[in-house]
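**Q** Sequence first, predicted model second:
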Amino acid sequence: MPPVRVRFAPSPTGYLHIGGARTALFNWLWARKEKGTFILRIEDTDRERSTTQSVQAILDGMKWLGLDWDEGPGVEGPHAPYFQTQRLAIYEKSADELIAKGRAYRCVCTKEELDKLREQAAKEKRGFKYPGTCRDRGIPKGTKGAVVRFRMPDEGATAFRDLVKGEITTQHKELQDEVILRADGVPLYNFGAVVDDVTMEITLVARGDDHIVNTPRQILMYQALGYPVPVFAHLPMILGADKQRLSKRHGAVSVLQYRDDGYLPHALLNYLARLGWSHGDQEIFSPGELVEKFDWEHVGATAGVFNPEKLLWLDQQWIKRTPLPELAAHLEPLLAARGVKADPERLRNILPLVLERAKTLVEMADQIVTFFRTGVSFDEAAAKKNLTPETRPLLEEARKLVAERIGEGAPALEAGFRDLAARKGLGLGKVAQPVRVAVTGTTVSPPLFETLVLLGRDESLARIDAAISRIGG
RNA sequence: GGCCCCAUCGUCUAGUGGCCUAGGACGGAGGCCUCUCACGCCUCAAACAUGGGUUCGAAUCCCGUUGGGGUCACCA
């Protein structure tokens, strides 16, 4: 068996979206598992819609996810260039070959003429098919405005065995002579993809199942060109909650949006992999495990609904599993955006405290900043309920306790507070809650005693004092 | 509409003819733990779309129906 060569071939007409990312992921996984080659090819033949910003956005998305490519933009390789618009000569040569073989021909029918016929057919509720007007006219190379059409066989059928969908057969009478090369030499999708997959020696094509209809046509082109046909794997669509194909209407669909929303790339990778693929009952997979365990047998054939809540859960799981230094690195830009330049050593001590109660990095950052600021802003409702003349004596005693024993560590502080509560005939919660509000401004926080210790003596006392004076009286 | 694909809890899925009284996960409900919030743990509710076959036996194989999706460009 020849070495595995797979590719992800996005068209740069927007950001890298969830569906594209999953296609890229499955290709990447297969390449890495088989020690093959993963190629990134930019299909920028739609000159109207392709932009360099989109190319950059796709590259950035891939990099953030850790889907590194062995050949493609930036790394090049033996089949460079990897932008289709830079490969025009190759398509022209292939098209000429096809014409010489009688498998394609030049055509001067205008789009306007054809659109008219199409409209007419629609009005009469008939299917439209290119009538083959130019099939045998022998229009020569160089004719102004001439496109190249592929000549589809009139009879018979083409079948292939898809790795996820199984046997798929298409009758040739369903096919029509489609344009493969525009007058300006820019290829259309089916042709460009085939020529590139051939020249780049692609062995397996994994893409969205919206391409199933294209596959028989492409197979016919491989055959006409005299090349071996790769294996195909058509991945089911990703749907929104309304079971419609996932789109902007469904909210966040850009991979980089998830980065900005505080998701870990491993979490998104994990989620995307499990959406359409499974390995028994296992839910959590590191990228390494994915590479090790991925297989086509367990890729499902059913379209899947994107479930943001499960992704959120996975993110939380990955926050808990990510090594602290790595987590700190992910957090750094978020903290910087909040005006905090965190001392690494201190941050490392704080992380374990907030890690358990955050589902995203954004939530974590929001919980961390209080440790690096002086003073606190009070949640009105929390203050009103907990910072009252009744709790003032408690706060004063708590202050004394903190002043005396904070140096002994969190367990000692806790013992002291339990003592205090017992003396007052109260539960620990009754004493701790006002102090929590005093120190954090809210009723929700990491464990109080650890929080105090991490805040340090001076800041803890300052905050308690501020709370007491807020009560006044 | 033609053609193609798909069909297990609300969602992601396990299941490849007997191990299925259909398993896991998210979400939901209840509980335990507890200084708050989380985490964790326990329990519960929740599905084989439908009708025919094939077979000793079907969630698993075949056919129809229904439902959903895709595609019908000089877009990809």
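**A** Noted; the coordinates are in hand. Residues are numbered from 1 along each chain as shown, chains lettered A, B, ... in the order given.
**Q** hey, let's count contacts and neighbours off CA atoms from now on
**A** Will do.
**Q** just the helices in the stretch 301-450 of chain A please.
**A** Under the criterion DSSP state H, counting those that start in this stretch, helices of the stretch 301-450 of chain A are mapped to A:308-321, A:324-337, A:344-355, A:361-368, A:380-386, A:392-405, A:410-424, A:428-440, A:448-455.
**Q** Next, the buried residues of the longest one.
**A** Same thing as helix A:410-424. Residues of helix A:410-424 classed as buried by neighbour count (16 or more other Cα atoms under 10 Å): A:410, A:413-414, A:416-418, A:420-421.
**Q** From the rest of the structure, what touches it?
**A** When contacts are defined by Cα atoms under 8 Å, 6 or more residues apart in numbering, helix A:410-424 is touched by residues A:398, A:401-402, A:405-406, A:427-428, A:430-432, A:449-450, A:452-453.
**Q** Now do whatever helix or strand A:R470 lives in: everything it contacts.
**A** Taking DSSP states H and E as the criterion, A:R470 maps to helix A:457-471. With contacts defined as Cα under 8 Å, 6+ apart, helix A:457-471 is touched by A:374-376, A:387-389, A:392, A:395-396, A:399, A:402-403, A:406-407, A:435, A:438-439, A:452.
**Q** Buried ones among those residues?
**A** Neighbour counting by 16+ other Cα under 10 Å classes A:375-376, A:387-388, A:392, A:395, A:399, A:402, A:406, A:435, A:438-439, A:452 among the contacts of helix A:457-471 as buried.
**Q** and A:T391, how many neighbours?
**A** 18 (other Cα atoms under 10 Å).
**Q** where does the stretch 1-150 of chain A come near RNA strand B, residue by residue?
**A** Contacts of the stretch 1-150 of chain A with RNA strand B, taken as Cα under 7 Å from any atom of the strand, map to A:10-11, A:43-46, A:108-111, A:118, A:127-128, A:145-147.
**Q** For ChimeraX, write the select line for the buried members of those residues.
**A** Only the buried entries of these go into this ChimeraX selection, using 16+ other Cα under 10 Å:
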select /A:10,11,43,44,45,46,108,118,146,147
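**Q** what's the lowest-pLDDT member of the residues of the stretch 1-150 of chain A next to RNA strand B?
**A** Minimum pLDDT for these is recorded at A:G127 (86).
**Q** Surely that residue and A:L117 touch.
**A** No: contact criterion Cα atoms under 8 Å: A:G127 and A:L117 do not qualify, at 10.6 Å.
**Q** Show me the residue at the heart of chain A, geometrically.
**A** In chain A, the centroid-proximal residue (Cα atoms, centre = their mean) is A:V255; its distance is 3.7 Å.
**Q** Helix or strand with the lowest mean pLDDT in chain A?
**A** helix A:111-123 (a mean of 91; mean pLDDT, DSSP states H and E).
**Q** Buried residues, that one. List them.
**A** Quick answer for helix A:111-123 (16+ other Cα under 10 Å): A:117-118.
**Q** what about it, distance to the chain center?
**A** On the basis of Cα atoms, centre = their mean, to the nearest Å, helix A:111-123 sits 40 Å off its chain's mean C-alpha point.
**Q** Only C-alpha atoms, please: export that helix in CSV.
**A** C-alpha atoms of helix A:111-123 as CSV (Å, rounded to 0.1, in the frame of the first residue of the first chain):
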residue,chain,number,x,y,z
LYS,A,111,-24.1,31.6,-19.4
GLU,A,112,-27.0,33.9,-20.3
GLU,A,113,-28.3,31.5,-23.0
LEU,A,114,-28.1,28.6,-20.7
ASP,A,115,-29.8,30.4,-17.8
LYS,A,116,-32.6,31.2,-20.1
LEU,A,117,-33.0,27.5,-21.0
ARG,A,118,-32.8,26.6,-17.3
GLU,A,119,-35.5,29.1,-16.5
GLN,A,120,-37.7,27.7,-19.2
ALA,A,121,-37.2,24.1,-18.0
ALA,A,122,-38.0,25.2,-14.4
LYS,A,123,-41.2,26.8,-15.7
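**Q** in chain A, what spans have low per-residue confidence?
**A** A:473 (pLDDT under 70).
**Q** related to what we said a few turns ago, format the buried ones among the contacts of helix A:457-471 as a markdown table; extra columns: distance to RNA strand B.
**A** Listed next are the buried ones among the contacts of helix A:457-471 as a markdown table, based on distance: Cα to the nearest atom of the strand, whole Å:
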| residue | distance to RNA strand B |
| --- | --- |
| A:G375 | 18 |
| A:V376 | 16 |
| A:L387 | 15 |
| A:T388 | 17 |
| A:R392 | 17 |
| A:L395 | 14 |
| A:R399 | 15 |
| A:V402 | 14 |
| A:I406 | 14 |
| A:V435 | 9 |
| A:A438 | 12 |
| A:V439 | 11 |
| A:L452 | 10 |
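**Q** Strands of chain A, start to end?
**A** Under the criterion DSSP state E, chain A contains strands at A:5-8, A:37-40, A:104-107, A:147-150, A:157-162, A:166-171, A:179-181, A:204-208, A:231-235, A:238-239, A:304-305.
**Q** For the last one, which strands pair with it and how are they oriented?
**A** Same thing as strand A:304-305. The strands beside strand A:304-305 in its sheet (DSSP bridges) come out as strand A:238-239 (parallel).
**Q** and if you look at the fourth one?
**A** On the basis of DSSP bridges, the sheet neighbours of strand A:147-150 come out as strand A:104-107 (antiparallel), strand A:179-181 (antiparallel).
**Q** Turn the ones you listed into CSV, including mean neighbour count and distance to A:L163.
**A** Below are the strands paired with strand A:147-150 laid out as CSV (neighbours: other Cα atoms under 10 Å; distance: least, Cα to Cα, whole Å):
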stretch, mean neighbour count, distance to A:L163
strand A:104-107, 26, 30
strand A:179-181, 22, 27
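**Q** and the ones you listed as JSON lines, adding distance to A:V205?
**A** Listed next are the strands paired with strand A:147-150 as JSON lines, based on distance: least, Cα to Cα, whole Å:
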{"stretch": "strand A:104-107", "distance to A:V205": "24"}
{"stretch": "strand A:179-181", "distance to A:V205": "20"}
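**Q** among these, which is nearest A:P2?
**A** Of all the strands paired with strand A:147-150, it is strand A:179-181 that lies closest to A:P2, at 28.8 Å by Cα to Cα.
**Q** The closest one and RNA strand B, any residue contact?
**A** Yes: under the criterion of Cα under 7 Å from any atom of the strand, strand A:179-181 makes contact with RNA strand B via A:V179.
**Q** Contacts made by that strand with the rest, please.
**A** If you take Cα under 8 Å, 6+ apart as the criterion, strand A:179-181 is touched by A:91-92, A:95, A:147-150, A:187-192.
**Q** now swap in stretch A:83-97 and tell me
**A** So stretch A:83-97 is in contact with A:41-45, A:73, A:81, A:104, A:148, A:181, A:185-187, A:191-192, A:195, A:225, going by Cα under 8 Å, 6+ apart.
**Q** and with 7 Å instead?
**A** Stretch A:83-97 is contacted from outside by A:41-45, A:81, A:185-187, A:192, A:195, using Cα atoms under 7 Å, 6 or more residues apart in numbering.
**Q** List just the one of the strands paired with strand A:147-150 that sits closest to A:R5.
**A** Closest among these, using Cα to Cα: strand A:179-181, at 24.5 Å.
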